[in-house]
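Participant: 3D model of this:
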Amino acid sequence: MSLARRAPGTWYFVVVIASAGIFAAVPFAHAAHRLRRPSLRWWTALYAAAAIALLFIMPPSQDQSAASTTDLRSTIGGIGAIAVIVAACIQLSSIRRDVYGLPQPARPPQPPQPWAADPAVAAALALRAKREEARTLVARDPALARDLRIGRPDLPRQYDDGGLVDINTAPPSVIAQCCGLDAHAAEQINRARQQHPVPFQSVDELLVLAELDVTAWDLIRERAVVYS
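Facilitator: Here you go, the predicted structure:
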């Protein structure tokens with residue numbers, strides 16, 4: 001059985017990595033054609049622009065003059081290429097699942113723990129179960145989920161989603177509060193949303209563009225929700 005059949009869409013990552021980020025726009029263009037999402041067309045244009053910038057920065061191989069300048073351009077180009085590869089692969093990990101209809105990664109089953117009988121732990125686990133149920137509803141029936149105001153704790157509602165927050169429509173201060181982040185993180189989220197012309201299609205897009213500390217990533221992933 002070929003690799004493409006066992007893991008459809010892996011060519012996305014192969015193209016990005018093998019081309020050192022130069023052809024990162026190709027899988028985004030393919031996904032934009034398949035999913036018809038305006039945001040993916042925007043990302044295609046962005047990565048195409050990044051490729052042009054990388055080609056402009058990297059010095060020609062035959063250029064032996066001004067060695068210090070050449071070395072500096074090579075260093076900047078290398079760092080830029082790594083940044084493009086990492087950012088593109090993070091985004092494509094979720095986009096690929098949507099394009100090829102792959103199941104979302106399931107959390108491994110956790111063995112029973114002695115502390116699970118603690119009332120506080122039981123309450124936290126119940127809220128987590130509610131969040132998973134609400135996420136399923138968002139994926140299957142986004143219109144109903146919006147009517148129930150899932151992910152909008154700042155609005156009056158009756159449905160308990162377990163503490164989810166919509167990273168596209170909820171105020172940044174509410175997102176930070178729900179995810180246990182500080183005011184600086186709220187400012188970073190607000191700046192990223194202002195610079196992003198279309199709604200985020202995945203939580204990872206926000207994590208990359210907002211340049212949030214990696215220690216906040218799991219906190220956001222636990223509470224964030226995105227409407228497709």
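Participant: quick one: which helix or strand includes Leu219?
Facilitator: Element membership of Leu219 [criterion: DSSP states H and E] is helix 217-223.
Participant: what is the rounded mean pLDDT of the next helix-or-strand element following that helix?
Facilitator: Note on helix 217-223: by DSSP H and E, the next helix or strand toward the C-terminus is strand 224-225. The average pLDDT for strand 224-225 rounds to 94.
Participant: partners of strand 224-225 in the sheet?
Facilitator: Within its sheet, and counting by DSSP bridges, strand 224-225 is paired with strand 165-166 (parallel).
Participant: Could you chop this structure up by domain?
Facilitator: With domains defined by automatic domain parsing, the chain comprises 3-100, 114-225.
Participant: mind giving me CSV with those and columns for mean neighbour count?
Facilitator: (Glycine included, C-beta is placed from N, CA and C.) Output for the domains of the chain, formatted as CSV (neighbours: other Cβ atoms under 10 Å):
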stretch, mean neighbour count
domain 3-100, 16
domain 114-225, 16
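Participant: Longest helix of this protein, counting residues only.
Facilitator: Longest helix in the chain by number of residues (criterion: DSSP state H): helix 67-100.
Participant: Can you list the low-confidence ranges for the protein?
Facilitator: Low-confidence segments of the chain (pLDDT under 70): 1-6, 59-70, 104-117, 228.
Participant: which stretches of it form helices?
Facilitator: 3-6, 11-18, 25-35, 38-57, 67-100, 119-140, 142-147, 172-179, 183-195, 203-209, 217-223.
Participant: need those in JSON lines with distance to Gly163, can you?
Facilitator: Below are the helices of the chain laid out as JSON lines (distance: least, Cβ to Cβ, whole Å):
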{"stretch": "helix 3-6", "distance to Gly163": "37"}
{"stretch": "helix 11-18", "distance to Gly163": "33"}
{"stretch": "helix 25-35", "distance to Gly163": "29"}
{"stretch": "helix 38-57", "distance to Gly163": "26"}
{"stretch": "helix 67-100", "distance to Gly163": "21"}
{"stretch": "helix 119-140", "distance to Gly163": "6"}
{"stretch": "helix 142-147", "distance to Gly163": "15"}
{"stretch": "helix 172-179", "distance to Gly163": "6"}
{"stretch": "helix 183-195", "distance to Gly163": "17"}
{"stretch": "helix 203-209", "distance to Gly163": "15"}
{"stretch": "helix 217-223", "distance to Gly163": "6"}
